[in-house]
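Trainee: Build me a structure from this.
(one chain, ligands or ions: 1)
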Amino acid sequence: MDVVLHVGIDDTDSLLGGCTTYVAAVLVEKLAKLNVEFQDYPALIRLNPNIPWKTRGNGAVALRVKTRVEHTDKIKCEVLRTVESLSQPGEDVDPAVVFLSGAIPNEVKRFSKMALYDFLNVDFALKTAGECGVEVFASKSLKGVVGALAAVGEELQDDYTYELLTYRTDNYRGMPRMVSAESVFLMDKVTSPTTFNNLDPETKRILITPRGPDPVLYGIRGEDPTVLLEAMKIVNIYEPIERWVIFRTNQGTDAHLKWMENPKDVKPYRAVAFKAVVCGKPHVIPGGHVIFKVAFKNEVFDCAAYEPTGGFRETVKKLIPGDVVEIYGGVRPLNGAMTINLEKIRVVSLAKEVKYFNPKCPKCNSTMKSMGHDKGFKCEKCGFKDSNMRKLEFETSRGIEPGLYIPPPRAQRHLTKPFSRYGLEKKNVECKFIDFWHVP
Ligand code: ATP
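Mentor: Reported below is the predicted structural model:
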């Protein structure tokens, strides 16, 4: 009898090296040799980006394979051996692996959806796993179980994207990545918007190469696996590739931003979205960050557009009290209050900004002076008085239009849906599972 085995893995890397996607890529090679039937690309699931102890992008992975029931133990042993040998040493590295056979229970699916925006504890993960027949293998604090279980439960049935990840050979890791910038510009020109966030238009920075000591050489994100293969052919590199794999992922989908109707649900470390009214003028604080206040029903929150969001801050600076906005971002507790780190903002409607001027004297054209509140104006030059005169009102141009504003790609979270993906969302689009999706 055949069975589908779902494998979830998380927390294998540290800032000094490793990457959970690399563990998955090695496992793809090893499991292929065990003659399993892959049910899907490996899943790269990005979880709540506001978890304080994440290493980088809070990514976890899941593999889904069909195999003979009697082979599952062999597969599990291979997975556990590989995770153990590739997990990085370090205090904060708490590798976790979960196994689930058959259909994914609704409780696990619900857990995954919550892990996208909420801050979940290990006990909840263990309880859910226990109730749903999920086997858990984890060490130390067990915190990796949250990500591993969440990865298994996210089947990417709503919007999704792909990422083709290439990995460096051991002897090149830690050295500058030898990828031709011109070829990345060309690849972007030829393949976007079917690929996205290859470059940062404001700074011309290449975004497909990470900057740390991890084994990733580059990753190309996109809508279609065949176009990713084309894109890989265009990118020129001057170092060997150890392996490459196409992942299916929730990157670039906004899957994490949870729409809130009640301000009480805006809790620390959540990823939130809500409608609010600007109630404090934006101001710049040391470091170039822009802060302003919004009222969400009866509660007031600080919102922050940080310095790395570049030109996005210029838009935010133009907001004034009374503007109606949709706020999208992560909740950060700061000095007893909660600040929303902005990931995007939609200006729904703009308040009128009015400037007032004293009227000119109808007799001599000098600027008149007020005689007191509601008491009219007098001309100090010619003595003309009019108790019915009032200040003149002028509506000023706001220099900002209603619409959606997103920080530049270099400052976006992995999960943030970039402008280029609007209109390309996949709704009920079956995944295109091509044959040539990994080497070796
Ligand atoms: P990389 O992206 O480079 O693979 P990372 O940023 O994913 O690294 P990890 O080392 O995996 O970082 O650490 C993230 C930790 O946070 C894991 O232990 C994971 O289980 C946990 N975690 C993930 N999502 C949540 C959540 N919603 N609530 C609580 N803990 C979470």
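
Trainee: I figured residue 43 was touching residue 157, is that so?
Mentor: No: the pair residue 43 / residue 157 is not scored as a contact, 11.5 Å apart, by CB atoms under 8 Å. For the C-beta atoms, the positions are set from N, CA and C on the backbone; glycine is no exception.

Trainee: Which one's more surrounded, the two?
Mentor: More crowded of residue 43 and residue 157, by other CB atoms under 10 Å: residue 43, with 24 against 12.

Trainee: how about that one, what does it touch?
Mentor: Going by CB atoms under 8 Å, 6 or more residues apart in numbering, residue 43 touches 61, 62, 63, 64, 151, 154, 156, 247, 248, 249.

Trainee: who's the second one bridged to?
Mentor: Applying DSSP bridges to residue 62 gives these bridge partners: residue 8, residue 43.

Trainee: To what extent is it buried, counted in neighbours?
Mentor: Residue 62 has 30 nearby residues by other CB under 10 Å.

Trainee: On the three-state scheme, residue 162 is what?
Mentor: strand (DSSP: H, G, I helix; E, B strand; the rest coil).

Trainee: Skipping adjacent residues, who's closest to the closest residue to the ligand within the stretch 201-350 of the chain in space?
Mentor: Residue nearest to the ligand within the stretch 201-350 of the chain (CB to the nearest ligand atom): residue 214, separated by 6.6 Å. Using CB to CB, 6 or more residues apart in numbering and skipping the chain neighbours, the partner closest in space to residue 214 is residue 19 (4.3 Å).

Trainee: Was I right to think that neighbour contacts residue 215?
Mentor: Yes: under the criterion of CB under 8 Å, residue 19 makes contact with residue 215 at 5.7 Å.

Trainee: Got the confidence number for the residue lying closest to residue 363 once chain neighbours are set aside?
Mentor: Of all residues not flanking residue 363 in the chain, residue 384 sits nearest, at 4.8 Å (CB to CB, 6+ apart). Note for residue 384: predicted pLDDT of 95.

Trainee: What's the local residue count around residue 384?
Mentor: Neighbours of residue 384 under the rule other CB under 10 Å: 16.

Trainee: Wait, it touches residue 359, no?
Mentor: No: with contact defined as CB under 8 Å, residue 384 and residue 359 do not form a contacting pair (10.7 Å).

Trainee: so what sits against both of these two?
Mentor: residue 368.

Trainee: Check which residues of stretch 203-213 are buried.
Mentor: Neighbour counts using 16 or more other CB atoms under 10 Å place 206, 207, 208, 209, 210, 212 of stretch 203-213 among the buried residues.

Trainee: Near the nearest residue to the third one once chain neighbours are set aside, how many residues? Count them for me, please.
Mentor: Nearest residue to residue 208, sequence neighbours excluded (CB to CB, 6+ apart): residue 218, at 4.3 Å. Residue 218 sits with 24 neighbouring residues when counted by other CB under 10 Å.

Trainee: Give me the secondary structure label for residue 218.
Mentor: Applying three-state DSSP: residue 218 is strand.

Trainee: my guess is it contacts residue 178, does it?
Mentor: No: assessed by CB under 8 Å, residue 218 is found out of contact with residue 178, at 10.4 Å.

Trainee: Which neighbours do the two have in common?
Mentor: residue 237.

Trainee: Tell me the spacing between the nearest residue to residue 424 once chain neighbours are set aside and residue 217.
Mentor: Once flanking residues are discounted, residue 424 sits nearest to residue 223: 5.7 Å by CB to CB, 6+ apart. Separation of residue 223 from residue 217 (CB to CB, to the nearest Å): 22 Å.

Trainee: How about residue 263?
Mentor: Distance from residue 263 to residue 217, by CB to CB: 44 Å.

Trainee: again, but for residue 276
Mentor: In terms of CB to CB, residue 276 sits 42 Å off from residue 217.

Trainee: any idea how this protein splits into domains?
Mentor: Following automatic domain parsing, one gets these domains for the chain: 2-155, 161-249, 270-350+404-412, 354-395.

Trainee: Can you tell me which of those is nearest to residue 422?
Mentor: domain 270-350+404-412 (8.0 Å; CB to CB).

Trainee: In the chain, mark out all the helices, start to finish.
Mentor: Ranges of helices within the chain are 20-33, 72-86, 106-117, 122-131, 144-153, 181-191, 225-234, 312-317, based on DSSP state H.

Trainee: Any idea which residue of the stretch 101-250 of the chain lies closest to the ligand?
Mentor: Per CB to the nearest ligand atom, residue 147 is where the stretch 101-250 of the chain lies closest to the ligand, at 3.1 Å.
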